[in-house]
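Q: model this:
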Amino acid sequence: MARIDTPRTRSTPAELPTPPGEPPILVTGATGRVGRAVTDLLTDAGVPVRALVRRAESAAELPGTVEIVTGDLTVPGSLDAALAGVSTVLLVWTAPPQTAAAVVDRLAAHARRVVHLSAPHRTPHPFFQQPNPMAALHAEIERLIAATGLDSTIVRPGMFASNALSWWATAVRGDGVVRWPHGAAETAPVDDRDVAEVVARTLREDGHVGGDYVLTGPESLTQAEQVRILGDALGRRLTFEELPPDEFRQQSPQAARPAVDMLLAAWNAATGRPAHVTSTVSELLGRPARTFHQWATDHATSFTGTPPGPSVARSDRPAAPRR
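A: Purely as a prediction, here's the structure:
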């Protein structure tokens with residue numbers, strides 16, 4: 001059973017006063033890559049934020065104005081303290097599906113509005129229409145939210161640009177030869193920062209109830225082109241070498257096989273046709289979406305430091321595939 005801490009507020013700097021009477025926004029997944037960025041954006045704007053974390057020590061790097069509450073999506077009863085007095089929730093699902101219905105019921109009992117970080121599983125492009133358990137989970141959570149009558153906004157990022165770091169950084173730090181399957185498969189990588197900015201805006205602003213936002217980068221690029229662009233940003237030549245899918249599967253950890261099979265099916269289906277590209281980021285933010293080259297340039301130093309842990313696909317990658 002998860003331990004429930006009484007909500008606590010760290011000291012609030014004078015330059016970011018909490019508006020009197022304004023309820024906090026509850027951010028689940030607040031220490032993840034999107035949730036953390038959203039938390040930073042909201043606190044920078046002076047919006048009160050309550051972060052749901054599984055372990056209090058994991059929140060040590062969150063902004064000092066954030067209210068920290070421990071809880072666990074796998075234990076719905078542990079969420080009551082986090083939901084007390086909350087009107088709006090960012091739901092980033094990071095748990096198995098078994099407790100989804102109970103969690104959504106608890107959200108509906110306390111909150112008025114939910115922004116759900118989902119996936120483009122409704123998009124009629126073969127890349128997003130391959131069998132995918134995560135897509136099915138997101139669809140079920142959306143159904144549950146709709147059934148409660150909660151005001152909702154669904155944000156659907158496509159393939160994240162930051163996958164390049166998880167997937168290719170080791171090869172980049174090594175001999176510069178990226179051995180990867182389906183080099184001709186096209187995707188439209190979206191910058192994590194653009195996703196976070198869209199999410200933060202939908203949480204802060206009125207007018208997004210009923211919104212269903214598919215977010216992609218501004219250009220369709222093959223995986224081989226992405227490697228070349230990454231090399232350009234790093235100022236060195238990288239080589240893409242086609243890896244047979246069966247070898248890719250064999251080299252992957254057994255626990256990652258379902259995600260690997262999902263990705264291989266999606267890349268295979270995407271080969272030979274442009275990626276699905278939307279203008280939603282620019283429409284919502286009033287500026288162009290960041291390109292993959294811009295992401296690679298801004299994260300160049302991340303490819304020269306300590307290698308990340310093994311990763312093929314995480315729960316916040318494209319769920320069809322998104323996440």
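Q: continuing past the lengthiest helix in the chain, what's the next helix or strand?
A: For the chain, the helix reaching the highest residue count under DSSP state H is reported as helix 133-148. The helix or strand immediately downstream of helix 133-148 is strand 151-157, counting by DSSP states H and E.
Q: okay, that following strand in PDB with CA atoms only?
A: Output of strand 151-157 as PDB, limited to C-alpha atoms (Å, rounded to 0.1, in the frame of the first residue of the first chain):
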ATOM      1  CA  ASP A 151     -14.500  18.200 -19.200                       C
ATOM      2  CA  SER A 152     -11.600  16.800 -21.100                       C
ATOM      3  CA  THR A 153      -8.800  17.600 -23.500                       C
ATOM      4  CA  ILE A 154      -6.900  14.800 -25.200                       C
ATOM      5  CA  VAL A 155      -3.300  15.500 -26.300                       C
ATOM      6  CA  ARG A 156      -1.800  13.000 -28.700                       C
ATOM      7  CA  PRO A 157       1.900  13.300 -29.400                       C
END
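Q: return the set of buried residues in that strand.
A: Residues 152, 153, 154, 155, 156, 157 are the ones in strand 151-157 that count as buried (16 or more other C-beta atoms under 10 Å). Where C-beta positions appear, they are placed from N, C-alpha and C, glycine not excepted.
Q: at which residues are the strands of the chain located?
A: Assigned by DSSP state E, the strands in the chain fall at 8-9, 25-27, 49-53, 67-70, 88-91, 113-117, 151-157, 177-180, 186-187, 212-215, 221-222, 239-242.
Q: tell me how far residue 196 lies from residue 272.
A: Separation of residue 196 from residue 272 (C-beta to C-beta, to the nearest Å): 32 Å.
Q: run a quick neighbour tally on residue 97.
A: Residue 97 is flanked by 14 other residues according to other C-beta atoms under 10 Å.
Q: find the nearest non-adjacent residue to it, please.
A: Leaving aside its sequence neighbours, residue 97 sits nearest to residue 137 (C-beta to C-beta, 6 or more residues apart in numbering; 5.0 Å).
Q: what does residue 231 give?
A: Spatial nearest neighbour of residue 231, chain neighbours left out: residue 238 (3.5 Å); criterion: C-beta to C-beta, 6+ apart.
Q: ok, the one you found to residue 226 distance?
A: Residue 238 sits at a distance of 10 Å from residue 226 (criterion: C-beta to C-beta).
Q: look at residue 121 and say how many residues are nearby.
A: A count of nearby residues for residue 121, using other C-beta under 10 Å, gives 22.
Q: should've said residue 138
A: If we define neighbours as other C-beta under 10 Å, then residue 138 has 27 of them.
Q: I'd say it and residue 128 touch.
A: No. Residue 138 is not in contact with residue 128 according to C-beta atoms under 8 Å; the separation is 11.2 Å.
Q: now list whatever residues contact both of those two.
A: 119, 121 (C-beta atoms under 8 Å, 6 or more residues apart in numbering).
Q: quick one: residue 117 from residue 222, how far?
A: Per C-beta to C-beta, residue 117 is found 27 Å from residue 222.
Q: looking at these two, which one has more neighbours?
A: Higher neighbour count among residue 117 and residue 222: residue 117, with 27 against 19, using other C-beta under 10 Å.
Q: what does the model give the more buried one for pLDDT?
A: Confidence at residue 117, expressed as pLDDT, is 98.
Q: mind listing what it touches?
A: Residue 117 sits next to 29, 34, 90, 91, 92, 93, 155, 157, 199, 316, 323 when contact means C-beta under 8 Å, 6+ apart.
Q: and which of these is nearest residue 48?
A: Taking C-beta to C-beta as the measure, residue 48 sits nearest to residue 90 out of the contacts of residue 117, at 13.4 Å.
Q: can you report how many residues lie near that closest one?
A: Using other C-beta under 10 Å, residue 90 has 28 other residues around it.
Q: ok, it touching residue 199?
A: Yes. With contact defined as C-beta under 8 Å, residue 90 reaches residue 199; the gap is 6.5 Å.
Q: identify the contacts common to the two.
A: Counting by C-beta under 8 Å, 6+ apart, the residues touching both residue 90 and residue 199 are 38, 115, 117.
Q: which residue packs closest to the second one, ignoring adjacent ones?
A: Think residue 115. In space, and not counting its chain neighbours, residue 115 is closest to residue 153: 4.6 Å by C-beta to C-beta, 6+ apart.
Q: show me the contacts for that neighbour.
A: By C-beta under 8 Å, 6+ apart, residue 153 lies in contact with 113, 114, 115, 116, 202, 208, 209, 210, 211, 212, 213.
Q: let's see 7 Å
A: Residues in contact with residue 153, defined by C-beta atoms under 7 Å, 6 or more residues apart in numbering, are 115, 202, 208, 209, 211.
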